[in-house]
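Asker: Build me a model:
(2 chains)
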There are 2 protein chains.
Amino acid sequence: MYKTHNCGELRISHDGNTVILSGWVHRVRSLGAMTFLDLRDRFGKTQLVFDEAIDKDLLTKAADLGREFVIRIEGVVRERSSKNDKIPTGYVEVVVQRLDILNPSEVPPFTIEDDTDGGEELRMQYRYLDIRRDSVQSKLLFRSKVAQAVRQLLSAQHFTEVETPVLVKSTPEGARDFVVPSRLNQGSFYALPQSPQTFKQLLMVGGLDRYFQIVKCFRDEDLRADRQPEFTQIDCELSFVDRDDILEIFETFTKTLFSSVLDVQLEDFQRMPYEEAIEKYGSDKPDLRFDMPIHEMKSLLPQGGLSILDLAESNGALLVKGGNDYTRKQIDALTDWVKRPQIGAKGLIYIRCNDDGSTKSSVDKFYNEEAREAIKAGLGGEPGDLILIMAGDYGVVRKQLGALRIHLGEQRGLVDPSVFKPLWVVDFPLLEWDEEAGRFFSMHHPFTTPSPSSLEHLESTDPKTLENLTADAYDLVINGVEIGGGSIRIAQRSLQERVFRLLGFTDEEAQDQFGFLLNAFRYGAPPHGGIALGFDRLVALMDGSNSIRDYIAFPKNNQARDVMLDAPSRIDNEACATLGISVHEAEE
Amino acid sequence: MYKTHNCGELRISHDGNTVILSGWVHRVRSLGAMTFLDLRDRFGKTQLVFDEAIDKDLLTKAADLGREFVIRIEGVVRERSSKNDKIPTGYVEVVVQRLDILNPSEVPPFTIEDDTDGGEELRMQYRYLDIRRDSVQSKLLFRSKVAQAVRQLLSAQHFTEVETPVLVKSTPEGARDFVVPSRLNQGSFYALPQSPQTFKQLLMVGGLDRYFQIVKCFRDEDLRADRQPEFTQIDCELSFVDRDDILEIFETFTKTLFSSVLDVQLEDFQRMPYEEAIEKYGSDKPDLRFDMPIHEMKSLLPQGGLSILDLAESNGALLVKGGNDYTRKQIDALTDWVKRPQIGAKGLIYIRCNDDGSTKSSVDKFYNEEAREAIKAGLGGEPGDLILIMAGDYGVVRKQLGALRIHLGEQRGLVDPSVFKPLWVVDFPLLEWDEEAGRFFSMHHPFTTPSPSSLEHLESTDPKTLENLTADAYDLVINGVEIGGGSIRIAQRSLQERVFRLLGFTDEEAQDQFGFLLNAFRYGAPPHGGIALGFDRLVALMDGSNSIRDYIAFPKNNQARDVMLDAPSRIDNEACATLGISVHEAEE
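Answerer: Take a look at the predicted model:
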């Protein structure tokens, strides 16, 4: 027997008990006649005592123990003389009577401490040691806890968990597929699913009513920071629902999840049209933990001032409350920040609202005190505030000011990390024009239904009209993070065919790629819709982190490599031949 | 709003309520002035009434409804005049006041009934319609129910759910991998995991203590009936446990699962060494729902009789209780059955135990009454029984008699389908000799630890000694079905290296393929072991079926194709070029 208790379990009530513990040697302090040792497992740490007065040989044996040795001990629990309030086992220690070394350990390449000396790359290479650290292990335990809660909540709401296939059909629409050459069907390939989208719709056609799955999805993208080629989503679909049904069901779901896992009560979710989110926050995923909306000032600014403002489609402004505390140097730094290529602004105009009620701006030459006062009044500025202005095309200005707003929020400590501000962004555009491809793409995906008000304009040939079509699509945003999104789906064959044509599919292409879905719609598809929540991201957000990688047991790096396994790797020519493929020689 | 209630919900207590229902038209019976319609959703069926006396136009509209139309109705619940005891909603009907056709349906290619007229292939092509059938849908719901129960039971026992990667490293050991060409690392391939074996071991090295996952695994095998290229297993691993700990934990788990899901109380699991299973049942997965063990008769048969028996290594027999009721023709049929190539026996000898106490055999010429009587007595035969004898090499005879035993059990109705007989098969051989490859393979996998008693013989160079080594491995068998298996793993680097050498790995190959694991063992690996249960198979068994395909929402056929999706399929040359591979032209 390896243990009667785990290392987080013993309390003062166990005083006098003979126990068996197993675990890792976390720390050893030798005090001559006594050695104290912290024994660690995933449940906690327990102090062991080797006492010369009790067993001299054991004390000698304990002297050989190094960090991360795996040991088994037998001993008697006793009350500690100097207690530790900080850990649950801090009132007791175990006086060791027998010691077995189960497995020795070399000195690990970094310390197994929250505050480790190991860098990212080293820790990833030895991920199994990284996971021994409390700070990493607790994240994996948290993820498991959230997963169980999610499944229990959805099951209780009559969602049926269905596993959809991983070896599916490749379709050119959307992101790039990972493909799997078939040995039994040479020359053909499976694809790994980017999402179970069509399967869950088919389950609705199949009458399953409510479906869910916590499921791996795959995208062969050029990786950006914090993107993984394989990721996990909470995937859901419901029949006989409209948009508001889904928003209500998943608002309740999210609230219950936060309250059951975190004991946090979320307030009611605001619903904001996509257009308003862009207009006021310059983003389709606004962080509402602080205010500071974008103001359109075109009507506030007198014409005949600065021509760059006069000529611009949009003059947008942020009112920074108390922002007049910025020095000139700090404002210059903000200007530099927006001029970086990532933001790409031409410049930044400021108006200081001085304590004496006067104003001072970077464009005093063009706007006199009266004009500046009108702007200040129009924005509701008060002494001590700062007004920041940018000009340009509407969409560009919104995006730039949106980024600046987030930057200011962080810089000025306006973001309370302990607060969660969820909202639904609704009424997304149906289509996005892609200049390079010269065609429309779906903003969400081709199965999203147009909003009822957009249905009548679907036959239009006017690009402007088509661009303004909205979809019955929605995103769940919390603290500026897109947690998930979904839509009501098309359930009519003719409407689905029409949308495929809008996306430039010939009828043959549509039939070839999505014939199974179009066929399914012949036989009584129910109205249906759904949502997919990014599970990695949700877990990180709930735990107060913005790094999803920390919540993945074995993540890949930015080159999509697993540095621990050393994968991907070469396979031999025979294996390739069996699959009916050959590998091109590298041309470097 | 699409519904106030589902189609399985209304009871006599709802009498007089105005309700909204949505669902599929299951059946329509027109009686002139009245039309009755069964409306179906996944929760049940509700009878709707269209009454000329109430609304003539509605009755006309209802006449246009075809099977599988999706409709929404509003109406009033009333007590039925002729009640139906067989369904929960059978006491009420809904008098329709409003009817909306949400989606029409063409006539489905087969009837949506338990007893459908659609063949297997047609149903797979239209799987979304197949799933509408109660008998299929209930299997998917059952699977979901079992999955939730499994996760709850394991979570309650401190198992942490961890998602392991799907894009992993290819290793030549074991079955054939599916591989995924990497675009970002051209010329390299990921593999899809055959199981998360090494990851779960690394999680134990990482101190996670107990891990589980319900996880998709992949094997690129030539498919046999009821094998799928992707399948699901309940994957578990535990630290600081020995074999008996694991058997006890998973015996309790299995009992609790059966009792919570099926309300079935399983008896204690027998433990049977592999050798005994082969000797007595000719199988490492014996079906213990009926007895009829194999007897070795070598010592019972007098020498100098039939030379084929004299010369054979083994003379095995089955005592078929009451089997003398077989006619000569039936016994001939049994002989033909064992002579089929699948069994490959040369013949079958019988001894009838007549009611008058005499015996009559197919080999009376060689064995007189006295000899036959001795055999009968030795096997415990009684009047009315039948003795069936086969001769040959020990292993071959065991296998053939094992198959015959199962055949007889089924033929004679000895198998009670409502009974579950679980057992642990233990003490498996560590190694299997592969004549073709000229080397040993692991019977379980290379990470299985030899039994304590075998450890000392590990350095032997005698093939016979090596073949007799046993492993700390075990299988869970229920009703003759292998539900899962596992082992205590090797946790010592030197022992792991030794086993790799036994399997013919050079040190370089071992390091190249499993270096990450060998490295992990440097840093204090805990004693650990685990088990993996075939989830598809477990669910089918629990539900009283032996077809796993019925419990998979979108299964592949025997050519590993998804006939609904038409996958796998061709991808274009550009996609291949992006991946740095080319496809060989078919040489047909």
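Asker: out of everything not next to it in sequence, what's closest to residue A:28?
Answerer: Residue nearest to residue A:28 in three dimensions, not counting chain neighbours: residue A:37, with 5.1 Å by CB to CB, 6 or more residues apart in numbering or on different chains. Every C-beta, even on glycine, is put in place using the N, C-alpha and C of the backbone.
Asker: for residue A:550, same thing?
Answerer: Residue A:550's closest residue in space is residue A:139 (CB to CB, 6+ apart), at 5.3 Å.
Asker: Next one: the one residue in the stretch 351-500 of chain A that gets nearest to chain B from residue A:474, what distance?
Answerer: Chain B sits closest to residue A:491 of the stretch 351-500 of chain A, with a gap of 6.0 Å, by CB to the nearest CB. Using CB to CB, to the nearest Å, one gets 17 Å for the distance from residue A:491 to residue A:474.
Asker: Check residue A:95 too.
Answerer: 62 Å.
Asker: Next: residue A:24.
Answerer: Distance from residue A:24 to residue A:474, by CB to CB: 47 Å.
Asker: What pLDDT is listed against the residue lying closest to residue A:169 once chain neighbours are set aside?
Answerer: Spatially, and ignoring its direct neighbours in sequence, residue A:169 is nearest to residue B:567 (3.6 Å; CB to CB, 6+ apart). Note on residue B:567: pLDDT of 93.
Asker: quick one, what contacts residue B:567?
Answerer: Each residue near residue B:567 by CB atoms under 8 Å, 6 or more residues apart in numbering or on different chains is listed here: A:167, A:168, A:169, A:170, A:188, A:190, A:191, B:561.
Asker: Equivalent analysis for residue A:442, please.
Answerer: Counted by CB under 8 Å, 6+ apart, residue A:442 has contacts A:430, A:431, A:432, A:448, A:499, A:503.
Asker: Show me what the one helix or strand the fifth one maps to is packed up against.
Answerer: Read it as residue A:499. Element membership of residue A:499 [criterion: DSSP states H and E] is helix A:493-502. On a contact count with 3 or more CB pairs under 8 Å, 6 or more residues apart in numbering or on different chains; DSSP states H and E, helix A:493-502 meets helix A:507-520.
Asker: who does the helix it packs on touch, helix- and strand-wise?
Answerer: helix A:197-205, helix A:493-502.
Asker: Check the ones you listed for me and report the most buried one.
Answerer: For those, average neighbour numbers computed from mean count of other CB atoms under 10 Å in any protein chain shown are highest in helix A:197-205, which has a mean of 26.
Asker: per-residue confidence averaged over that one?
Answerer: For helix A:197-205, mean pLDDT rounds to 97.
Asker: Kindly format the C-alpha coordinates of that helix as CSV.
Answerer: Extracted C-alpha coordinates of helix A:197-205, given in CSV (Å, rounded to 0.1, in the frame of the first residue of the first chain):
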residue,chain,number,x,y,z
GLN,A,197,-21.0,22.8,-37.7
THR,A,198,-22.7,20.7,-40.3
PHE,A,199,-22.9,17.6,-38.1
LYS,A,200,-24.7,19.5,-35.4
GLN,A,201,-27.1,20.8,-37.9
LEU,A,202,-27.7,17.3,-39.2
LEU,A,203,-28.4,16.2,-35.6
MET,A,204,-31.1,18.8,-35.5
VAL,A,205,-32.5,17.5,-38.8
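Asker: next structured bit after that helix?
Answerer: Per DSSP H and E, helix A:197-205 leads on to strand A:210-218 as the next helix or strand towards the C-terminus.
Asker: list the contacts for the closest residue to chain B within the stretch 201-350 of chain A?
Answerer: Residue nearest to chain B within the stretch 201-350 of chain A (CB to the nearest CB): residue A:206, separated by 3.2 Å. Residue A:206 sits next to B:127, B:128, B:129, B:130, B:131, B:132, B:137 when contact means CB under 8 Å, 6+ apart.
Asker: Who are the packing partners of the strand or helix carrying the residue nearest to residue A:28?
Answerer: Assigned by DSSP H and E, residue A:37 belongs to strand A:34-41. When contacts are defined as 3+ CB pairs under 8 Å, 6+ apart, strand A:34-41 packs onto strand A:18-30, strand A:44-51, helix A:56-63.
Asker: any idea of the mean pLDDT in the longest one?
Answerer: What that stands for is strand A:18-30. Here strand A:18-30 scores 97 as its mean pLDDT.
Asker: and if you look at the last one?
Answerer: For helix A:56-63, mean pLDDT is 94.
Asker: all helices for the stretch 301-450 of chain A, in order.
Answerer: With helices called from DSSP state H, counting those that start in this stretch, the stretch 301-450 of chain A shows them at A:307-311, A:328-339, A:369-379, A:394-411.
Asker: For the shortest one, buried residues please.
Answerer: Of the residues in helix A:307-311, those scored as buried under the neighbour-count criterion (16 or more other CB atoms under 10 Å in any protein chain shown) are residue A:309.
Asker: Just the buried residues out of the contacts of residue A:442, in PyMOL syntax.
Answerer: PyMOL command restricting the contacts of residue A:442 to the buried ones, with burial defined by 16+ other CB under 10 Å:
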select buried, chain A and resi 430+431+448+499+503
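Asker: Which of the contacts of residue A:442 sits closest to residue B:89?
Answerer: residue A:448 (35.1 Å; CB to CB).
Asker: and the closest residue to that closest one other than its chain neighbours, how many neighbours?
Answerer: Once flanking residues are discounted, residue A:448 sits nearest to residue A:487: 4.0 Å by CB to CB, 6+ apart. By other CB atoms under 10 Å in any protein chain shown, 24 other residues sit near residue A:487.
Asker: same deal with residue A:574?
Answerer: Residue A:574 has 9 nearby residues by other CB under 10 Å.
Asker: Same check on residue A:342?
Answerer: The number of residues packed around residue A:342, counting by other CB under 10 Å, is 8.
Asker: With residue A:106 instead?
Answerer: 12.
Asker: Could you do residue A:388 as well?
Answerer: 24.
Asker: and the spatially closest residue to it that is not a sequence neighbour, what does it touch?
Answerer: Excluding the flanking residues, the one nearest residue A:388 by CB to CB, 6+ apart is residue A:318, at 4.8 Å. Residue A:318 sits next to A:292, A:294, A:295, A:387, A:388, A:401, A:404, A:405, A:408 when contact means CB under 8 Å, 6+ apart.
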